[in-house]
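Asks: give me coordinates for this.
(chains A and B)
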Amino acid sequence: MTATTADAPPPDLRLPKRRGVELLLLIGAVLISVYGYAAVGLAKNDAVPPDVAGYGAGLGLLALLAHLAVRFRAPYADPLLLPIAVLLNGLGLVLIYRLDLETPKDQAAPTQLIWSTLGVALFTTVVVFLRDHRVLQRYAYLSVATALVLMIVPIFFPAVNGAKIWIRVGGLSFQPGEFAKILLAVFFAAYLAANRNALAYTGRRIWKLQLPTGRVLGPIVAIWLLSVGVLVLERDLGTSLLFFGLFVIMLYVATGRTGWIAVGLVLAAVGAFVVGSFEPHVHSRVEDWLDPFASIDAGQGPSQLAQSLFAFAAGGMLGTGLGLGHSILIGFAAKSDFILATAGEELGLAGLTAIFLLYALLVARGYRAGLALRDPFGRLLAIGLASILALQVFVIAGGVMGLIPLTGMAMPFLAQGGSSVVTNWIIVALLIRVSDQARRPQPGHAETGIIAPITEDER
Amino acid sequence: MIRYIRRAAALLLLLLVALLLNAARIQVFEADSLDNNPANRRLTIARYGQPRGNILVGGKSVTGSKNTGEQLKYERTYRDGPLYAPVTGYASQTYGTTLIENAEDGILSGTDSMLAPLPLWNEITRSQQPGGNVVTTVKDSMQRAAYQGLGGRRGAVAAVEPSTGKILALVSTPSYDPGQLSGTGSSVTDAWARLNASKSQPMLNRAIRQTYPPGSTFKIVTAAAALDADVVTDPDAETDTPSPYVLPGTSTTLPNEARGCENASLAEAIRVSCNTVMADLGVRVGLDGMVEAVRKFGFNDTGLKIPSGVVKSNFDTEMTDDQLALSSIGQFDTTATPLQMAMVASAVANGGDLKSPYLVDRTTTHDGTTVHRNGSHTYHQAMNPRTAMQLREMMVDVVENGTGSNAAIDGVTVGGKTGTAQHGIDNSGRPYAWFISWAQSPDSGQPAVAVAVVVEDAAANRADISGGGSAAPIARSVMEAALRD
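Replies: This is a model prediction of the structure:
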């Protein structure tokens, strides 16, 4: 493939660092968030919120901290990643604050701000202390062990809203499964990078499908089945869907075997059908998806999904304007799973498209870093992390808009949820790290660095 | 690996496209049907998101709106709620709307497309206009006079301006405060349950939604029919009627409460309220003639609107002669709303030209620009002008020399007719006292007002005495209020 030459960095060119661009974009992101915050106050109380300066300063300080970490520790990193994360996080805070105004007894924005701060702190920590992403490769098995423990622990805690994915200690609650996403991506990337040739070329061939040997395939399939099994046990269908998609995408990218995707899809279809038919909690979600208005016809009032559809419809093309919608009618999950409905109602199709494009840009930049990297582990890690974001957005957005059955999941950065925000900040930190590696000029190794992927793809 | 990364990216791009198309599907193509889903609270929230327009009496608003700060933000308030309830109705977040609140809801809530500054503006912006106002024809002084006159007894008053059909007063007692029903919550549901359970039926609008046997006041209609049909050519000539009178085809005798009714003239029969003469005249006019005559006054009309619907006043269209005889003196199945009987008095006063009654003078935008103005329309020529002149004289005679003396006003031409209607099994209930009348200043070419008053459970239990005793003084004070300015 000759086209790939253009994707690899030219050997002698010193890439611009573009930290100034990042700073400007960050200022823009903070200003947009502050504007949104002020707009909510104007719409609801006819006055700019008194703490708007404090909110702006707080968000600005977080952004600046993250920026400085990137500037000094990952100077070649992609300049779009951080501003997009800050903008989405800022917008999420605005939306949650806006919904808080409807529920005076249940204030979520202050907690979310604390978690966001913690997220940025962890982001900074990762950027500062993780000098090279390849270090993570060494901890592949520690990662997967930790991930499994994290996922199993909530089984021993009581279910919340039908899903056993929470750990509650004191007043704090978090979903350990969120962190497991990253750890699992690290493990998949490391294992697949180490074994991809064996997965692709060894083993018996049945019809068009080349099967790898059980010794190579076994461990990873076992891990995957275990994690999905645990999630099904915990009734966290969204995350199991995410892990499944992540596994298939990474396996495909590592081996290039389309057959794996086919096999994966068949397995997923069978699994989804079985779970959707026999697990009551999931079954009701499927029913609701097939006919969102059944509960209205039955005289029980609109379901959450129906309320969500009403909210999106009320937004129309341009939205009602921040603070002027009624998506709080959705009920208790309005700030978490259904936060996108508020965006859809108050920002309209225009705003929703903008948000989707922001996510798309974030994912695309992750993929871009993956393409530009030279080591297979880094590539697979970048693709895996970016795919987590993409799949998560699709599963939750598709769910609240009636495209696919609803599964409880958090819209990255937007939704209320501490573990989610923290996890996504770590994902962005890792993407910053790999993109820094990808764009960093590598004197002396440039020639060999671009040869490897070309030969591989042109076999 | 690069090729597969690109393919994976293409897959994710497909998912993005699916999301965007789906968003467009919901937010653009299915938006209207989702917006209009009855389970979608947004229409209700928008409806109460702005103050409702006001209902005006004599240039002053009798309604208001208060900001509750709740999801359904603005609640209706009422000034002198019980006094005006039969006019305004209620506008409740829980129980909907009635009467003018219902009939003019589009204007009051701001959804009427006529309120928009430009045609089709609302369709484009999907926005609401501020609520407009409804200016009623009611006169505050007359409304109060009627309400105070009834004094909490069960009853109703309807007053119209004969030359135009404007309804000047519409009172029903006992009444209720519609403000109690405005909002949501237990206080509203409690009030609703209490009002509905009350034996005195305070939410019943007796002026337009309740019919009563009109008793002797109906004799004006029978007289008009007899004169128009030339059954009687000279009101002062003797009629050939015995007293008591045997109902045709039966052995039942119909007595008179008054004396001197044997062979009494029509004028005399009206003055002292002879049953025998009027029953006989109704039979002589015949069923077809009577049905046609009552139709022109508004009986049997199921579509009368002011703009709220008025229940049908009844005169049977298939009867034997003995039933016709009883119907002709306002008994048997003959029933009438107080408004219907005010229309009868109005037709006589206005030379037979009966105007359609109406309660809403005009509707305006919130800043007072007229959106729609109601004018005066002839409902029917209820009788010949000559007949009307003769009946006017007879009704004046009732007030000056007959049973309606309690309605007389110094220096003013007042015509009236009393009535007492028996009801209940074997007439065991206390009778309904009726009085219908009209008044005209000597210096005016037109009658000022026509009034009908009904009082349930009148104190005096003798025919016509109760109509003249209980109802006539109320009519007089209402007429005095009409003449005062």
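
Asks: give the full set of residues in contact with B:Phe435.
Replies: Residues touching B:Phe435, when contacts are defined by Cβ atoms under 8 Å, 6 or more residues apart in numbering or on different chains, comprise B:217, B:404, B:407, B:416-419, B:451-453, B:467-468, B:471-472, B:474-475. Heads up, the C-betas are built off the backbone N, CA and C, glycines and all.

Asks: and the residues you listed, which of them are buried?
Replies: Taking 16 or more other Cβ atoms under 10 Å in any protein chain shown as the criterion, what is buried in these is B:217, B:404, B:407, B:416-419, B:451-453, B:467-468, B:471-472, B:474-475.

Asks: next step: those residues restricted to strands.
Replies: Judged by DSSP state E, the subset of the buried ones among the contacts of B:Phe435 located in strands is B:416-419, B:451-453.

Asks: looking at those residues, which is nearest chain A?
Replies: Minimum distance to chain A across these is 45.3 Å, recorded for B:Ala452 (Cβ to the nearest Cβ).

Asks: any idea how far the closest one is from B:Gly215?
Replies: B:Ala452 sits 12 Å away from B:Gly215, going by Cβ to Cβ, to the nearest Å.

Asks: what sits in contact with each of those two?
Replies: In terms of Cβ under 8 Å, 6+ apart, B:Ala452 and B:Gly215 are both contacted by the residues B:Trp434.

Asks: so what's the gap between the strand or helix carrying B:Ile45 and the chain middle?
Replies: Using DSSP states H and E, B:Ile45 falls within helix B:42-47. Averaging C-alpha positions (Cα atoms, centre = their mean, to the nearest Å) puts helix B:42-47 31 Å from its chain's average.

Asks: quick one: is that helix near chain A?
Replies: Yes: contact between helix B:42-47 and chain A, assessed by Cβ under 8 Å from any Cβ of the partner chain, occurs at B:42, B:45.

Asks: how about the helices of the stretch 101-250 of chain A, start to end?
Replies: Secondary structure of the stretch 101-250 of chain A (DSSP state H, counting those that start in this stretch): helices at A:109-129, A:140-152, A:176-201, A:214-233, A:237-255.

Asks: other SSEs contacting the third one?
Replies: For helix A:176-201, the helices and strands in contact under the criterion 3 or more Cβ pairs under 8 Å, 6 or more residues apart in numbering or on different chains; DSSP states H and E are helix A:140-152, helix A:214-233, helix A:237-255, helix A:376-400, helix A:418-439.

Asks: what does the stretch 351-459 of chain A put close to chain B?
Replies: Along the stretch 351-459 of chain A, the residues adjacent to chain B under the rule Cβ under 8 Å from any Cβ are A:352-353, A:356, A:360, A:363-364, A:367, A:370-371, A:376, A:379, A:383, A:387, A:390-391, A:393-394, A:397-398, A:401-403, A:453, A:456-457.

Asks: what distance do you get for A:Ala185 to B:Ala224?
Replies: Relative to B:Ala224, and taking Cβ to Cβ, A:Ala185 is found at 96 Å.

Asks: and what of B:Ala91?
Replies: Here B:Ala91 is placed at a distance of 40 Å from B:Ala224 (Cβ to Cβ).

Asks: and B:Tyr245, by the same measure?
Replies: In terms of Cβ to Cβ, B:Tyr245 sits 21 Å off from B:Ala224.

Asks: same question for B:Ile100.
Replies: Using Cβ to Cβ, one gets 32 Å for the distance from B:Ile100 to B:Ala224.

Asks: go on, A:Leu122?
Replies: For A:Leu122, the distance to B:Ala224 equals 95 Å [Cβ to Cβ].

Asks: need the contact list for the residue nearest the centre of chain B.
Replies: By Cα atoms, centre = their mean, the mean C-alpha position of chain B lies nearest to B:Ile208, the distance being 3.4 Å. For B:Ile208, the contacting residues are B:86, B:158, B:170, B:306, B:308-311, B:337-339, taking Cβ under 8 Å, 6+ apart as the criterion.

Asks: what of A:Ala190?
Replies: A:Ala190 sits in contact with A:136-137, A:140, A:143, A:377, where contact means Cβ under 8 Å, 6+ apart.

Asks: at 10 Å what do you get?
Replies: The neighbours of A:Ala190, taking Cβ atoms under 10 Å, 6 or more residues apart in numbering or on different chains as the test, are A:134, A:136-141, A:143-144, A:376-377, A:380-381.

Asks: quick check, pLDDT for it.
Replies: According to the per-residue confidence, A:Ala190 scores 93 in pLDDT.

Asks: and for B:Arg126?
Replies: Note on B:Arg126: pLDDT of 58.

Asks: over to the one 4 residues further on?
Replies: The predicted local confidence for B:Pro130 comes out at a pLDDT of 89.

Asks: what count of nearby residues applies to it?
Replies: 13 (other Cβ atoms under 10 Å in any protein chain shown).

Asks: what's the helix or strand for the residue of the stretch 1-150 of chain B found nearest chain A?
Replies: Of the stretch 1-150 of chain B, the residue with the smallest distance to chain A, taken as Cβ to the nearest Cβ, is B:Leu34 at 3.5 Å. Mapping B:Leu34 onto the secondary structure by DSSP H and E places it in helix B:31-35.

Asks: what residues does that helix touch?
Replies: A:292-293, A:306, A:309-317, A:349, B:24-27, B:40, B:42-43, B:126.

Asks: which residues touch the residue most central in space within chain A?
Replies: Nearest to the geometric centre of chain A sits A:Leu389, at 2.6 Å (Cα atoms, centre = their mean). Residues in contact with A:Leu389, defined by Cβ under 10 Å, 6+ apart, are A:181, A:359-360, A:362-363, A:366, A:412-413, A:424, A:427-428, A:431, B:12.

Asks: now, which of these sits nearest A:Ala298?
Replies: Distances from A:Ala298 to those, taken as Cβ to Cβ, are shortest for A:Pro412 (34.8 Å).
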